[in-house]
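[1] just coords:
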């Protein structure tokens with residue numbers, strides 16, 4: 001209860017320091033005028049002592065009720081010690097600032113206590129100020145009531161704004177939950193489509209395999225196997241497309257189909273433009289997926305480290321091996337060495353070999369990948 005009575009949990013801000021400094025300086029100036037006025041004969045000790053009356057405004061937001069009670073107490077002590085002096089120019093606005101803060105930030109019963117303390121401070125001041133009389137206090141009391149009511153209105157509007165913000169947050173959460181539910185529904189639909197696709201495609205592949213097994217000549221069997229491979233690749237790409245939608249890709253995982261040798265031409269153009277040249281020798285054909293992917297990656301690694309112009313990429317389809325050669329200008333030796341090492345690791349996966357030569361400003365790397373090794 002004491003915490004809710006005296007504090008609202010807000011720290012002292014820079015503007016609080018500015019306001020407090022303003023009131024302290026005005027108060028010191030007013031007391032200096034009183035001390036130098038020959039008719040008042042005020043004590044110079046009242047100048048630093050009056051700081052105790054103005055300084056509590058520093059806690060107008062952190063503890064408004066405690067601040068206004070401190071002002072009331074310090075004002076009473078000041079009057080007892082130094083008697084009648086003129087100070088209305090600083091005490092009145094000081095009291096109104098604290099009364100407003102109390103009504104705008106505290107609960108109703110504590111705001112009433114703040115109002116009473118403010119009215120008490122005004123009564124003390126008007127009763128002991130040589131320029132005023134106690135009968136002059138009603139207009140100032142009325143202004144204090146108006147300021148107190150304005151604080152209540154501000155508190156009410158603040159509560160309404162907080163309620164609207166909370167309601168907006170609730171609506172946002174409901175909207176997000178609904179969006180997640182829709183996504184879950186779509187994922188379930190896509191999962192069913194993927195299941196139907198697999199069943200249909202596997203059935204087609206089984207029929208093609210049966211037809212190839214019943215073939216009486218090698219040409220028909222070869223055509224059946226080629227059809228199976230083509231349909232398998234198409235099925236794999238369709239599966240990747242559906243899985244790419246189902247996957248939560250916040251981590252940036254790749255969802256595109258794995259590149260093949262047919263994508264090399266686009267890779268050369270994308271990385272080296274018109275300065276790159278791709279040559280294909282032998283009898284191009286579909287190879288095991290692992291071999292095609294590794295060949296693509298080898299070319300990709302080397303193209304990233306060999307400078308244009310004059311970059312040449314050569315593929316040679318042999319009976320039992322695939323030869324991949326990349327050559328071009330070698331100006332970035334460190335990057336080239338790292339790229340060759342990565343390409344060599346790829347080659348070792350298939351028990352192949354990679355030979356690299358660097359000299360006279362040019363580099364050439366030739367990799368041989370056995371077509372019988374596991375992909």
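    Ah, there it is. Values in this document were obtained by computation on a predicted structure and should not be read as measured data.

[2] so residue 338 is in contact with residue 332, correct?
    No - using CB atoms under 8 Å as the test, residue 338 is too far from residue 332 to be in contact (9.6 Å). Just so you know, the C-beta spots here come from the backbone N, C-alpha and C atoms, and that holds for glycine as well.

[3] who touches both of these two?
    Here residue 338 and residue 332 have residue 305 as joint contacts, going by CB atoms under 8 Å, 6 or more residues apart in numbering.

[4] specify the local secondary structure of the residue of the chain most remote from its centre.
    Here the centre of the chain is the reference, and by CA atoms, centre = their mean the most remote residue is residue 39, at 66.8 Å. Three-state call for residue 39 (DSSP: H, G, I helix; E, B strand; the rest coil): coil.

[5] check which helix or strand covers the residue nearest to residue 149 when sequence neighbours are not counted.
    Using CB to CB, 6 or more residues apart in numbering and skipping residues adjacent in sequence, the residue nearest residue 149 is residue 103, 7.5 Å away. In the assignment (DSSP states H and E), residue 103 maps to helix 88-105.

[6] average pLDDT across that helix?
    Mean pLDDT, helix 88-105: 86.

[7] swap in stretch 17-36?
    pLDDT averaged over stretch 17-36 gives 84.

[8] of all the residues in it, which ones are buried?
    19-20, 23-24, 26-28, 30-31, 33-35 (16 or more other CB atoms under 10 Å).

[9] repeat that for stretch 328-336.
    328, 330, 336.

[10] ok now the helix or strand where residue 344 lies, how far from the chain's centre?
    Using DSSP H and E, residue 344 maps to helix 333-349. With CA atoms, centre = their mean, to the nearest Å as the basis, helix 333-349 stands 37 Å off its chain's centre.

[11] what lies in contact with that helix?
    Under CB under 8 Å, 6+ apart, the answer for helix 333-349 is 290, 294, 297-298, 301-302, 304-306, 330, 353-354, 356, 358, 363, 365, 367-369, 373.

[12] can you check stretch 143-159 too?
    Contacts for stretch 143-159 (CB under 8 Å, 6+ apart): 95-96, 99-105, 108, 111, 114-115, 118-119, 122.

[13] residue 127 and residue 359: what is the separation?
    Note on residue 127: its distance to residue 359, by CB to CB, to the nearest Å, is 105 Å.

[14] can you pick out the residue with more neighbours from the two?
    Taking neighbours as other CB atoms under 10 Å, residue 127 and residue 359 compare with residue 127 leading, 15 against 8.

[15] I figured the more buried one hits residue 140, correct?
    No - in terms of CB under 8 Å, residue 127 does not count as a neighbour of residue 140; the distance is 11.9 Å.

[16] if we can go back for a sec, off-centre distance for the helix or strand that comes right after the helix holding residue 103?
    Per DSSP H and E, the first helix or strand lying C-terminal to helix 88-105 is helix 108-128. Its chain's average C-alpha position is 48 Å from that of helix 108-128, according to CA atoms, centre = their mean.

[17] next helix or strand past helix 108-128?
    Using DSSP H and E, the first helix or strand after helix 108-128 is helix 137-213.

[18] with adjacent residues omitted, what lies nearest to residue 357?
    residue 364 (5.3 Å).

[19] partners of that neighbour in the sheet?
    residue 327, residue 357 (DSSP bridges).

[20] tell me the SS of residue 311?
    Residue 311 - assigned by three-state DSSP - is strand.

[21] didn't it look like it was pressed against residue 276?
    Yes - Residue 311 lies in contact with residue 276 (CB under 8 Å); the separation is 4.6 Å.

[22] now the common contact residues for those two.
    268, 303.

[23] pretty sure residue 316 is in a strand, no?
    Yes - remark: residue 316 belongs to a strand, assigned using three-state DSSP.

[24] show me what contacts it?
    By CB under 8 Å, 6+ apart, the neighbours of residue 316 are 281-282, 322-323, 325.

[25] excluding its backbone neighbours, what's nearest it?
    Counting by CB to CB, 6+ apart, the residue nearest residue 316 is residue 323, at 3.9 Å.

[26] over to residue 318?
    residue 282 (6.0 Å).

[27] quick one, what contacts the one you found?
    315-318 are the contacts of residue 282 under CB under 8 Å, 6+ apart.

[28] where does the stretch 201-350 of the chain dip in pLDDT?
    211-216, 229, 233, 236-257, 308, 331 (pLDDT under 70).

[29] how about a cut-off of 50?
    249-253 (pLDDT under 50).

[30] so what's the closest residue to residue 356 other than its chain neighbours up against?
    Nearest non-adjacent residue to residue 356, counting by CB to CB, 6+ apart: residue 365, 4.3 Å away. Residue 365 sits next to 298, 302, 325-327, 340, 343, 354-357 when contact means CB under 8 Å, 6+ apart.

[31] please redo it, this time with the cut-off set to 6 Å
    302, 326, 340, 356 (CB atoms under 6 Å, 6 or more residues apart in numbering).
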